[in-house]
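A.B. asks: quick one, what's the 3D model for this:
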Amino acid sequence: MTQDATSAAEAPDNGGATALRRPRRAAVAGGVGCLVEGYDFSAYGYLSVFLAPLFFPSDSEVGSLLLALVVFGTAYLARPLGGIAFGLVGDRVDRGKVLVATILLMGLATTLIGVLPTHDTIGVTATVLLIVLRLAQGFSVGAEVAGATTFVSEAAPDRYKSRFGAFNSAGATFGFGLAAAVSGLCSLLTTPEQMAEWGWRIPFLISLPLTVLCFLIRRRITGEAEPVEHGGPRISLLDVVRRGWRPILKGAGLAAAVNGTAYFGLTYVSIHLIQQLAYPKTGVYWVTTLVVLLTGALMLPVGRLGDCVDLPRLGMIGAAGFLAVTWFGMWVMDQGNLLLAGAAFMLIMVNNAFLQVTGYALSPEIFPKEIRFTGMSLGWNIGVIIAGGTAPALCLWLVETTGNTTAPSFFVMATAVVGLVALVAIARGPRPGRVGS
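C.D. replies: Numbering: from 1, shown residues only. As a prediction, this is how the structure comes out:
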């Protein structure tokens with residue numbers, strides 16, 4: 001235990017030596033859930049180059065891939081619905097039970113994708129079923145981020161909200177990295193024909209044991225969620241919007257920046273390196289795995305840094321970094337050297353660590369407790385729809401339309417500007433999730 005953590009644990013107002021036990025357990029529960037959700041949701045993106053011809057056959061390879069990425073984005077249409085439905089239950093009844101339900105729904109949908117017949121077997125029905133399962137994934141993950149971050153934020157004292165909140169962002173990023181690693185391992189151990197025929201199913205099927213493990217961990221810990229007060233009137237969606245429209249707008253702007261930049265790096269770049277720049281698939285998967293895992297590991301020390309500086313300032317560092325290096329990094333990727341491309345990828349993703357930690361730790365703070373789960377779900381999912389789910393397809397469309405392989409950098413920089421505006425507004429406004437504010 002660090003000196004400052006020890007001091008906090010020994011302080012009388014923190015309940016003695018066990019003061020940080022609950023936030024640590026909450027961070028573990030939130031982090032492992034975000035890891036599984038990140039793995040499940042991103043596996044589709046990493047495997048889209050294989051899914052495209054199997055579920056979206058077309059005369060054009062790019063056309064098939066674009067359709068697959070559009071379906072990747074359709075999952076985000078269900079996110080607000082899941083966020084509202086689960087969020088109201090979390091604010092009215094029990095936040096812990098919601099966190100268990102979301103992980104089970106996500107794991108079931110992902111596993112079923114792994115056993116789906118393809119278009120060659122059952123025709124367009126295969127495409128429809130894939131879309132339905134992606135919508136189920138979106139419905140689940142629509143409440144996951146808000147639920148996990150709310151759970152951790154309410155368990156952590158003000159001075160440690162960033163370091164414990166970083167477990168959620170790191171968990172989600174490690175989930176992306178794990179999906180890339182499993183996809184790369186499958187690609188390495190199979191021939192291209194085997195991967196196209198059945199190897200793509202393995203990463204989806206691995207979701208089942210991951211879900212069971214996460215369920216067992218979450219079921220034990222989420223019972224410690226702060227109790228929901230039932231004495232007042234029941235909160236409706238209209239109440240949430242009426243009371244929280246300002247923080248919802250701020251949260252949406254921050255979420256657009258966090259997710260637009262994240263999905264560019266965590267999902268699109270691997271597609272860009274394979275499809276647009278013709279690097280070998282297996283090599284790209286391993287480069288992506290290394291970059292994503294390093295980014296996730298960086299989030300934990302960045303989380304500690306966030307407890308030393310105000311969180312909006314931490315996010316501004318990441319947003320400014322994306323403005324400074326994204327175009328240059330994409331230009332370097334196009335120089336024909338995969339190792340050099342990986343280094344450029346890492347240069348860009350360093351900024352993601354700052355922006356992600358800020359988004360996950362800061363977003364719950366801008367909402368009052370009684371509408372926190374639902375309000376954050378609305379704001380976060382609006383931002384995700386605007387810039388997160390659209391990122392892979394929009395980036396691919398920009399390259400195809402302009403013929404410029406650096407064109408996606410302008411999308412990233414635009415979302416970073418939106419994030420800067422939102423962070424300034426948050427810094428100047430109230431943050432009821434902090435006791436000391």
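A.B. asks: shouldn't Trp55 be in contact with Leu129?
C.D. replies: Quick fix: residue 55 is Phe, not Trp. No - in this structure Phe55 lies outside contact range of Leu129 using Cβ atoms under 8 Å: 9.0 Å. In this view, the C-beta of every residue, glycine as well, is placed from N, C-alpha and C.
A.B. asks: quick one: common contacting residues for the two?
C.D. replies: Leu116 (Cβ atoms under 8 Å, 6 or more residues apart in numbering).
A.B. asks: between the two, which one's more packed in?
C.D. replies: Comparing Phe55 with Leu129 by neighbour count (other Cβ atoms under 10 Å), the higher total belongs to Phe55, at 25 against 16.
A.B. asks: contact partners for the more buried one?
C.D. replies: Phe55 touches Ala68, Leu116, Thr118, His119, Ala126, Thr127, Leu130, counting by Cβ under 8 Å, 6+ apart.
A.B. asks: Val417 too?
C.D. replies: Counting by Cβ under 8 Å, 6+ apart, Val417 touches Ala319, Leu323.
A.B. asks: what does Thr118 give?
C.D. replies: Contacts of Thr118 (Cβ under 8 Å, 6+ apart): Leu54, Phe55, Ala126.
A.B. asks: pLDDT score assigned to it?
C.D. replies: You'll see Thr118 listed with a pLDDT of 92.
A.B. asks: hmm, back to that, from the contacts of Thr118, which is closest to Met195?
C.D. replies: Comparing these against Met195 with Cβ to Cβ places Leu54 closest, at 11.2 Å.
A.B. asks: next, count neighbours for the residue lying closest to Gly379 once chain neighbours are set aside.
C.D. replies: Of all residues not flanking Gly379 in the chain, Gly251 sits nearest, at 2.7 Å (Cβ to Cβ, 6 or more residues apart in numbering). A total of 29 residues lie near Gly251 under the criterion other Cβ under 10 Å.
A.B. asks: with Ala353 instead?
C.D. replies: Counted with other Cβ under 10 Å, Ala353 comes out at 28.
A.B. asks: out of the contacts of Thr118, which are inside strands?
C.D. replies: The strands in this structure, assigned by DSSP state E, contain none of those.
A.B. asks: off-centre distance for whichever strand or helix holds the residue nearest to Gly379?
C.D. replies: Secondary structure assignment for Gly251, by DSSP states H and E: helix 237-263. Between the centre of helix 237-263 and the centre of its chain there are 15 Å (Cα atoms, centre = their mean, to the nearest Å).
A.B. asks: kindly report the same for stretch 420-433.
C.D. replies: Here the centre of stretch 420-433 is set off from its chain's centre by 21 Å, with Cα atoms, centre = their mean.
A.B. asks: what do you get for stretch 407-424?
C.D. replies: The answer for stretch 407-424 is 17 Å, by Cα atoms, centre = their mean.
A.B. asks: may I have that stretch as CSV, with CA atoms only?
C.D. replies: The C-alpha coordinates for stretch 407-424 follow below in CSV (Å, rounded to 0.1, in the frame of the first residue of the first chain):
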residue,chain,number,x,y,z
ALA,A,407,-8.4,11.2,-43.7
PRO,A,408,-9.7,9.4,-40.5
SER,A,409,-7.4,11.6,-38.4
PHE,A,410,-9.7,14.5,-39.1
PHE,A,411,-12.6,12.6,-37.6
VAL,A,412,-10.5,11.9,-34.5
MET,A,413,-9.4,15.5,-34.2
ALA,A,414,-13.0,16.7,-34.5
THR,A,415,-14.1,14.5,-31.6
ALA,A,416,-11.2,15.7,-29.6
VAL,A,417,-12.3,19.3,-30.0
VAL,A,418,-15.8,18.3,-28.9
GLY,A,419,-14.2,16.7,-25.8
LEU,A,420,-12.3,19.9,-25.0
VAL,A,421,-15.5,22.0,-25.1
ALA,A,422,-17.3,19.5,-22.8
LEU,A,423,-14.4,19.4,-20.4
VAL,A,424,-14.3,23.1,-20.1
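A.B. asks: so for that stretch, mean pLDDT?
C.D. replies: Here stretch 407-424 scores 96 as its mean pLDDT.
A.B. asks: kindly report the same for stretch 165-174.
C.D. replies: On average, the pLDDT along stretch 165-174 is 88.
A.B. asks: show me how far it is from its chain's centre.
C.D. replies: 8 Å.
A.B. asks: mind exporting the helix or strand containing Gly83 as CSV, just the C-alpha atoms?
C.D. replies: Element membership of Gly83 [criterion: DSSP H and E] is helix 79-92. Taking Å, rounded to 0.1, in the frame of the first residue of the first chain, the C-alpha atoms of helix 79-92 are listed here in CSV:
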residue,chain,number,x,y,z
ARG,A,79,-27.5,1.2,-26.2
PRO,A,80,-29.7,4.0,-25.1
LEU,A,81,-32.7,1.6,-24.7
GLY,A,82,-30.6,-0.7,-22.6
GLY,A,83,-29.2,2.3,-20.7
ILE,A,84,-32.6,3.6,-19.9
ALA,A,85,-34.2,0.3,-19.0
PHE,A,86,-31.4,-0.9,-16.8
GLY,A,87,-30.6,2.6,-15.6
LEU,A,88,-34.1,3.2,-14.2
VAL,A,89,-34.0,-0.2,-12.5
GLY,A,90,-30.6,0.7,-11.0
ASP,A,91,-31.7,4.0,-9.7
ARG,A,92,-35.0,2.7,-8.4
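A.B. asks: from the contact counts, what lies against it?
C.D. replies: When contacts are defined as 3 or more Cβ pairs under 8 Å, 6 or more residues apart in numbering; DSSP states H and E, helix 79-92 packs onto helix 95-113, helix 124-155, helix 372-383.
A.B. asks: so which of those is nearest Leu277?
C.D. replies: Using Cβ to Cβ, the nearest of the helices and strands packed on helix 79-92 to Leu277 is helix 124-155, at 26.7 Å.
A.B. asks: by how many degrees do that closest one and helix 79-92 diverge?
C.D. replies: Angle, helix 124-155 to helix 79-92, by axes from the mean of the first three to the mean of the last three Cα atoms, to 10 degrees: 40 degrees.
A.B. asks: averaged pLDDT, helix 124-155. What do you get?
C.D. replies: 86.
A.B. asks: so it versus helix 372-383, what angle?
C.D. replies: Angle, helix 124-155 to helix 372-383, by the same axes, to 10 degrees: 130 degrees.
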